[in-house]
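Q: Next comes the sequence, and after it the predicted model I'd like to discuss.
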Amino acid sequence: MVIGSHGQGNDSQPTGSSVNRPSPRSYPPIPKMGLNRDNAMMIKDEASGSPECLPDEAVPHPVCQVVLGVTGGIAVYKAAEVVRRLRQQELAVQVVMTEAARSFVHPLTFQALSGRAVRYALLDESAEAGMGHIELARWAQQVLVAPASADFMARLAGGHADDLLTTLCLATEAPVVLCPAMNRVMWRHEATQANRRILQARGVRLIGPDSGAQACGEMGEGRMVSTEEIVHAATAHYHGALAGCTVLLTAGPTREAIDPVRYITNRSSGKMGYAMARAALEAGAEVILISGPSLLEPPWGVQQVAVESAAEMCEAVMDHVKRCQIFIGAAAVADYTPVQAAIHKLKKASQEWQLSLQRTADIIGALGSQRAAGAPGPFLVGFAAETQYLETHARDKLQRKHLDLLIANPVNQRGLGFDSNDNEARCFWPGGECAFPRQGKQQLARRLIVLVAQLYHKAHQLQSAARPSVS
Ligand code: PMT
């Protein structure tokens, strides 16, 4: 427990709700992809006895490795920002440039941003000795081409394989996503539209183009969509896993007022909860994020409700819970609050100061108890931050709070848990468990959301099967 005061540490947020939504655009489901060896999770399911327990094969795994194809056009400069943003989200990005793209921007820009040497030669002896074009095609879990010029679309539609990028697109089994960018007349041209139709019929996804002012000074449809939209498309690889679901999440710390300037809080930054919110959003869910004070920007597209105290968090959860199918408690909610917060600043008096505390309401525990008593309720996912006996404490919380999944993270190791960028987790559910090794919180959140989706759908299937059929 940390005692802080207003004006120090995290900025306070106004209490209230705000919606931060992307423009409505529906993305078709993307085929499932496997995790690579480095990201594999260990799974044990006592119910099925199988080491690979999770039955819902329809839920795809997160993309970790993206080939970003860059073709010639003035929008090339925006591709640099796309690389930066994808790297921020902990995706490995390999940039492949066409010759025309290199006339606009030097490959060094992309090398510096991606941390990998840019590839452009189809027959490159040094590259073929390492990661050749076929290996690169296999490495990619998604090929994203931004900007995609009219010429590139034509060559792809024609099945050309005369440079590295077109060859890669032919040789890969990963989804190919194009972000067209060109002059409005070129975009409208029947040749381009015919190529678009051919590519779409083959399963290539197109994001955009947008309408508006163009670099050539004209107005119309043809400019590349925003960086946000491209990043959303690239990370919405498991889009559909939670489509149609509303996920209610808590994140961050709470502040329990002692007086108008002092409060009790803890070390939670909100990073883990916000990463979970972003991952749920990417998986297609509608997300309501109830957040204690945090310096973080809410992920683009979530409905955020800002609260301060455990009591406010509890009230906000109860207000929204009826709308949700999944509840995820990632917040570090204070377990105790001062019996009475003073109206005026308390003055120093004696050497010692006794503070009387009382228990706060256990938010997720209350939801679990309601469901255990037979009331309908959401699928419940709790977090537990533990410094010792992680498994024992985690299993106890899973059972005592009647949860469907408990995600336990150790918080006694440097660089993990509270206010860090990395985390690791052991997950427990009735009859099963799995572990995720140390990794960035966003990457981990994507994997956790896949697990949540799989268990949620499994529970749903079991519920439907148990329900008497209506003839
Ligand atoms: O925010 P970060 O800096 O990224 O750190 C992330 C984290 C370490 C805070 C997060 O990953 C985490 O572990 N959150 C849970 C913290 C915790 O220890 O919770 P708990 O063991 O006190 O509670 C267990 C569960 O009950 C949690 O889901 C919690 O949200 C919930 N709870 C607890 C108390 C309470 N009054 N109401 C609750 O709903």
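A: Everything's here; your move.
Q: Mean confidence (pLDDT) on the one helix or strand Gly220 maps to, please.
A: Assigned by DSSP states H and E, Gly220 belongs to strand 219-223. Averaged across strand 219-223, pLDDT comes to 81.
Q: Give the next helix or strand downstream of it.
A: helix 227-235.
Q: Against the ligand, how distant is Ile326?
A: Between Ile326 and the ligand the computed distance is 13 Å (CB to the nearest ligand atom, to the nearest Å). Yep, even glycine has a C-beta here, placed from its N, CA and C like the rest.
Q: Now that that residue has come up, it's in contact with Tyr456, right?
A: Yes - here Ile326 lies in contact with Tyr456, judged by CB atoms under 8 Å, at a distance of 5.9 Å.
Q: Common neighbours of the two, please.
A: Contact criterion CB atoms under 8 Å, 6 or more residues apart in numbering; residues bridging Ile326 and Tyr456 by contacting each: 242, 245, 379.
Q: Which member of these is positioned nearest the ligand?
A: Taking CB to the nearest ligand atom as the measure, the ligand sits nearest to Phe379 out of these, at 13.4 Å.
Q: Show me which residues of the stretch 351-471 of the chain sit near the ligand.
A: Contact residues (CB under 6 Å from any ligand atom) of the stretch 351-471 of the chain with the ligand: 360, 362-364, 382-385, 397, 409, 411, 417-419.
Q: Direction included, what does the strand holding Gly220 pair against?
A: strand 210-213 (antiparallel) (DSSP bridges).
Q: Gln358 - how many residues pack around it?
A: Residues within reach of Gln358, counting by other CB atoms under 10 Å, total 9.
Q: Just the mean pLDDT for stretch 193-200, thanks.
A: Averaging pLDDT along stretch 193-200 yields 90.
Q: Send me it as CSV with only the CA atoms.
A: Below are the C-alpha coordinates for stretch 193-200, written out as CSV (Å, rounded to 0.1, in the frame of the first residue of the first chain):
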residue,chain,number,x,y,z
GLN,A,193,-11.0,-1.2,-60.0
ALA,A,194,-10.7,-4.4,-62.0
ASN,A,195,-7.5,-5.2,-60.2
ARG,A,196,-9.1,-4.4,-56.9
ARG,A,197,-11.9,-6.8,-57.6
ILE,A,198,-9.5,-9.6,-58.6
LEU,A,199,-7.5,-9.1,-55.5
GLN,A,200,-10.5,-9.1,-53.2
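Q: Checking whatever residue of the stretch 51-200 of the chain ends up closest to the ligand next. Helix, strand or coil?
A: Nearest to the ligand, among the residues of the stretch 51-200 of the chain, is Glu90, at 14.4 Å (CB to the nearest ligand atom). Secondary structure, DSSP: H, G, I helix; E, B strand; the rest coil: Glu90 is coil.
Q: ok, what's across the strand from the spatially closest residue to Ala234 that is not a sequence neighbour?
A: On the basis of CB to CB, 6 or more residues apart in numbering, the spatially nearest residue to Ala234 that is not a chain neighbour turns out to be Leu144, at 5.2 Å. Going by DSSP bridges, Leu144 is paired in beta bridges with Leu68, Val177.
Q: Tell me, what's the model's pLDDT at Leu144?
A: Leu144 carries a pLDDT score of 96 in this model.
Q: Got the confidence number for the closest residue to Ala251 other than its chain neighbours?
A: Nearest residue to Ala251, sequence neighbours excluded (CB to CB, 6+ apart): Gly273, at 2.2 Å. pLDDT, Gly273: 97.
Q: Pull the number of nearby residues for Gly273.
A: For Gly273, the neighbour count with other CB under 10 Å is 28.
Q: Work out for me the element it sits within.
A: With DSSP H and E as criterion, Gly273 is part of helix 271-282.
Q: Quick one: name the residues of the chain near the ligand.
A: By CB under 6 Å from any ligand atom, the residues of the chain that approach the ligand are 250, 252, 268-273, 310, 329-333, 335, 360, 362-364, 382-385, 397, 409, 411, 417-419.
Q: quick one: which of those residues sit in strands?
A: When the residues of the chain next to the ligand are checked against strands (DSSP state E), the matches are 250, 329, 382-385, 409.
Q: In a markdown table: these, plus neighbour count.
A: Shown next, in a markdown table, are those (neighbours: other CB atoms under 10 Å):
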| residue | neighbour count |
| --- | --- |
| Thr250 | 30 |
| Gly329 | 28 |
| Gly382 | 25 |
| Phe383 | 26 |
| Ala384 | 23 |
| Ala385 | 21 |
| Asn409 | 24 |
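Q: thinking again about what came up before, from Ala279, how far out is the residue nearest to Ala234?
A: 19 Å (CB to CB, to the nearest Å).
Q: again, but for Ile207
A: For Ile207, the distance to Ala279 - CB to CB - is 20 Å.
Q: So the two - more neighbours on which side?
A: Between Ile207 and Ala279, Ala279 has the larger neighbour count (other CB under 10 Å), namely 31 against 22.
Q: Only the buried residues of the lengthiest helix in the chain, if you could.
A: Assignment by DSSP state H gives helix 441-466 as the longest helix of the chain. Of all the residues in helix 441-466, those buried under the rule 16 or more other CB atoms under 10 Å are 441-458.
Q: By mean pLDDT, flag the weakest helix or strand of this structure.
A: Ranked by mean pLDDT, DSSP states H and E, the weakest helix or strand in the chain is strand 16-19, scoring a mean of 50.
Q: Let me see the contact set for the residue nearest to Ala251.
A: 249-252, 289, 291, 328, 330-331.
Q: and Ser291, what is it in contact with?
A: By CB under 8 Å, 6+ apart, Ser291 lies in contact with 13, 250-252, 270, 273-274, 298, 304-307, 331.
Q: ok, of the residues you listed, which come out buried?
A: 13, 250-252, 270, 273-274, 298, 304-307, 331.
Q: What score does the closest residue to Val452 other than its chain neighbours have for pLDDT?
A: Closest residue in space to Val452, ignoring its immediate chain neighbours: Val381 at 5.8 Å, by CB to CB, 6+ apart. Turning to Val381, the model gives it a pLDDT of 98.
Q: With Asn20 instead?
A: 44.
Q: can you check His133 too?
A: Model confidence at His133 (pLDDT) stands at 78.
Q: number of nearby residues for it?
A: By the criterion of other CB under 10 Å, His133 has 23 neighbours.
Q: re the thing from before, among the shared contacts of Ile326 and Tyr456, who's most crowded?
A: Leu242 (27 neighbours).
Q: and that residue, helix, strand or coil?
A: The assignment at Leu242 comes out as coil when based on three-state DSSP.
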